[in-house]
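Visitor: here is my input, please return the structure:
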Amino acid sequence: MILIDATYINAGGGLALFQYLLSSLRGRGDFMILRDVRITDLDTCGYQVFDIPPRESARREFYRQHQGRFQKVLCLGNVPPPLALKIPV
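Guide: Predicted coordinates:
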């Protein structure tokens, strides 16, 4: 499973690219999405979605609880994972 970390993506061009990415990947694999709670209008049908507030502490807690569930991480917004991971990022 691949995690798409879009915690700090919520408006503008970043959101448009995120929407395009999700529409392009739909049905092509097993993906988890870490989404900013400020995003309300996004089609995430077919994805496992986790909504968190845009805080480093929330991200850190998510990664601690779920880090064994994904094999790769794609971080949007140029913000790396808050924990050191032994998988491709």
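Visitor: could you say what helices and strands the helix or strand of the chain with the lowest mean pLDDT packs with?
Guide: Between all helices and strands in the chain, the lowest mean by mean pLDDT, DSSP states H and E belongs to helix 12-25, at a mean of 89. Applying 3 or more C-beta pairs under 8 Å, 6 or more residues apart in numbering; DSSP states H and E, one finds that helix 12-25 makes contact with strand 2-6. (Glycine included, C-beta is placed from N, CA and C.)
Visitor: tell me how many other residues crowd residue 66.
Guide: Using other C-beta atoms under 10 Å, the number of residues around residue 66 comes to 14.
Visitor: quick one, what contacts it?
Guide: Residue 66 makes contacts with 3, 32, 50, as judged by C-beta atoms under 8 Å, 6 or more residues apart in numbering.
Visitor: residue 87 versus that one, what's the distance?
Guide: Counting by C-beta to C-beta, to the nearest Å, the gap from residue 66 to residue 87 is 12 Å.
Visitor: just residue 6 next, same as before
Guide: The value you get for residue 6 to residue 87, if C-beta to C-beta is used, is 18 Å.
Visitor: quick one: mean pLDDT over stretch 57-69.
Guide: Averaged across stretch 57-69, pLDDT comes to 92.
Visitor: skipping adjacent residues, who's closest to residue 53 in space?
Guide: Computed as C-beta to C-beta, 6 or more residues apart in numbering, the closest residue to residue 53 that is not its neighbour in sequence is residue 37, at 5.4 Å.
Visitor: in stretch 10-30, what's buried?
Guide: Across stretch 10-30, burial judged by 16 or more other C-beta atoms under 10 Å covers 10, 14-15, 18-19, 21-22, 25.
Visitor: er, stretch 42-51 actually
Guide: For stretch 42-51, the neighbour count (16+ other C-beta under 10 Å) marks 42, 47, 50 as buried.
Visitor: just the ones in strands from those, please.
Guide: Taking DSSP state E, the ones among the buried residues of stretch 42-51 that sit in strands are residue 50.
Visitor: show me where this structure has its helices.
Guide: Per DSSP state H, the chain carries helices over the ranges 12-25, 56-66.
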